[in-house]
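Engineer: Could you look at this predicted model? Sequence included:
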Amino acid sequence: MDVQLFEIPGKLLSLSETLSADTEIKGYVSTVVTDANDSVQSFNDMMNSEYQELSKQTYLFCNTDDILLVNWEELKHAVTNMLNAVKAFMDKIKSSEKRIHSYIKQCRASAVEKGPQVDLLRSSKDYMEMKIPELQRIIETLKNEERQYDEEARRFDRRASKLEDEEEERTEAGVWSFEAFTLGSLLFARFTLGGSLVVCTAGGLLAGLNLAKAKDCRTAAKRYSNMAKEKSKTADIITESKMTTEKEIKTLENDIDALIKDANTLAEITAEMFKFIDVLAQIESAFQDEELALEDAILYSSSFRLNQIVFRNMPEGCQIKFEDLKMRLENTRTVLQQYGIVP
């Protein structure tokens, strides 16, 4: 039993240290451990001091050669001291039991609260997980649009370069004719029938431009390039939002796992506290019986002392009282043996 008195507080402390939150519960466990250590210390002090002295006096009494020479004062003193130590130890145990019962209620309440918290976090996690595919589709669309705008920008740059080369050739040849202009317009008409994105946005991006001119083609290329950059920037923002959401999901998963683990730990702490209550109850029962045995021994030691006086010269006259007191003193040890407190 005294082994359990040592082991349970240590296990409680180890369990409490695994809690991710519940600082209040950690405080409760710390108080229980302090109480337990105090109880263990009181128990050890009592067994190493008062009980040892009682055992010594009991041994001397039970093995005396002359009943009339028994040191009754020392015997009574040892029994009385043990009784007082038992009462003080009992007070500690009862105080601890009362606090532990209160802490058990708090542990149970805290464990129950974890359930709704887990459900709420799971709902948030499920909602965020639904967002991920949609965010991914938006990112892919934006990246695709970025590629198309980049391609159109390059096409306009190539056309501008071609027009510049043609203009340079015409300048060198001194040729500038209506036919050349018409040919450029036809080339432009064929040029602008590119991808679907170009068809959809050409009206806005190409407004006010004469694509038969190299300068305006450069402007068109720049507009498409700027649009590609905008799509890239938007894609980056959505990608960051997706990554943030994924991190939040991971955090929620960790929080859910922590809550579940804490709930299980609280259940273990509650079980250990109940076990500690049982140990304390057994010790309390043992020392309640011990208290009765000691009071009985004190009562009979007083009676034995009277017999010593009355039968000063007749040891045999004390024999009955001697046997009665011997039985009661031995019972103080027997009680503790039954509860496994002493060997």
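Structural biologist: Received, thanks.
Engineer: Please work out the average pLDDT along stretch 157-171.
Structural biologist: Rounded to a whole number, the mean pLDDT of stretch 157-171 is 86.
Engineer: now A207, what's its secondary structure?
Structural biologist: The local conformation at A207, judged by DSSP: H, G, I helix; E, B strand; the rest coil, is coil.
Engineer: Next one, pLDDT for it please.
Structural biologist: For A207, the model assigns a pLDDT of 79.
Engineer: Same check on the one 4 residues further on?
Structural biologist: Note on L211: pLDDT of 79.
Engineer: Then the one 5 residues further on?
Structural biologist: According to the prediction, D216 has pLDDT 87.
Engineer: Distance of it relative to S161?
Structural biologist: Distance, D216 to S161, by CB to CB, to the nearest Å: 13 Å. The way it works is simple: take the backbone N, C-alpha and C, and place the C-beta from them, glycine included.
Engineer: Settle it for me: which of these two has more neighbours?
Structural biologist: More crowded of D216 and S161, by other CB atoms under 10 Å: D216, with 18 against 14.
Engineer: Can you give the distance from the helix or strand harbouring that one to the centre of its chain?
Structural biologist: According to DSSP states H and E, D216 maps onto helix 214-310. Relative to the centre of its chain, helix 214-310 is centred 2 Å away, using CA atoms, centre = their mean, to the nearest Å.
Engineer: and the following helix or strand past it, what does it pack onto?
Structural biologist: Downstream of helix 214-310, the next assigned helix or strand under DSSP H and E is helix 319-338. For helix 319-338, the packing partners by 3 or more CB pairs under 8 Å, 6 or more residues apart in numbering; DSSP states H and E come out as helix 50-62, helix 72-173, helix 214-310.
Engineer: Can you convert those into a markdown table and add a column each for distance to N37?
Structural biologist: Formatted as a markdown table, the helices and strands packed on helix 319-338 follow (distance: least, CB to CB, whole Å):
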| stretch | distance to N37 |
| --- | --- |
| helix 50-62 | 20 |
| helix 72-173 | 11 |
| helix 214-310 | 12 |
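Engineer: quick one: low-confidence ranges for the protein?
Structural biologist: Scanning the chain for pLDDT under 70 picks out the ranges 1-6, 65-68, 174-203, 297-298, 300-305, 307-321, 339, 343.
Engineer: Give me the angle between the helix holding D216 and helix 319-338.
Structural biologist: Here helix 214-310 runs at an angle of 170 degrees relative to helix 319-338 (axes from the mean of the first three to the mean of the last three CA atoms, to 10 degrees).
Engineer: CA atoms of stretch 278-292 as PDB?
Structural biologist: Only the C-alpha atoms of stretch 278-292 are listed here, as PDB (Å, rounded to 0.1, in the frame of the first residue of the first chain):
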ATOM      1  CA  ASP A 278      -9.000   4.000  -2.700                       C
ATOM      2  CA  VAL A 279      -5.500   3.800  -1.400                       C
ATOM      3  CA  LEU A 280      -6.100   6.600   1.000                       C
ATOM      4  CA  ALA A 281      -9.400   5.000   2.100                       C
ATOM      5  CA  GLN A 282      -7.600   1.700   2.800                       C
ATOM      6  CA  ILE A 283      -4.900   3.500   4.800                       C
ATOM      7  CA  GLU A 284      -7.600   5.500   6.600                       C
ATOM      8  CA  SER A 285      -9.400   2.200   7.500                       C
ATOM      9  CA  ALA A 286      -6.200   0.700   8.600                       C
ATOM     10  CA  PHE A 287      -5.400   3.600  11.000                       C
ATOM     11  CA  GLN A 288      -8.900   3.900  12.200                       C
ATOM     12  CA  ASP A 289      -8.600   0.300  13.300                       C
ATOM     13  CA  GLU A 290      -5.100   1.100  14.600                       C
ATOM     14  CA  GLU A 291      -6.500   4.100  16.500                       C
ATOM     15  CA  LEU A 292      -9.100   1.800  18.200                       C
END
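Engineer: what comes into contact with it?
Structural biologist: Surrounding stretch 278-292, the residues in contact under the criterion CB atoms under 8 Å, 6 or more residues apart in numbering are 1, 4-5, 8, 39, 43, 83, 86-87, 89-90, 93-94, 96-97, 100, 332, 335-336, 338-339, 341.
Engineer: Which members of these are classed as buried?
Structural biologist: By neighbour count, with 16 or more other CB atoms under 10 Å, the contacts of stretch 278-292 hold 4-5, 8, 39, 43, 83, 86, 89-90, 93, 96-97, 100, 332, 335-336, 339, 341 as buried.
Engineer: From T332, how far off is D296?
Structural biologist: The gap separating D296 from T332 is 9 Å, by CB to CB.
Engineer: ok, Q106 - contacts?
Structural biologist: By CB under 8 Å, 6+ apart, the contact set of Q106 is E24, I25, Y28.
Engineer: rerun at 7 Å
Structural biologist: Applying CB atoms under 7 Å, 6 or more residues apart in numbering to Q106 gives the contacts I25, Y28.
Engineer: For F322, find the nearest of the helices and strands packed on helix 319-338.
Structural biologist: Comparing the helices and strands packed on helix 319-338 against F322 with CB to CB, the closest turns out to be helix 214-310 (6.6 Å).
Engineer: okay, the angle between that closest one and helix 50-62?
Structural biologist: Using the same axes, to 10 degrees: helix 214-310 against helix 50-62 is 20 degrees.
Engineer: quick one, what contacts the residue nearest to K56 when sequence neighbours are not counted?
Structural biologist: Once flanking residues are discounted, K56 sits nearest to A78: 7.4 Å by CB to CB, 6 or more residues apart in numbering. For A78, the contact set (CB under 7 Å, 6+ apart) comprises E53, L54, Q57.
Engineer: Great, nothing more from me.
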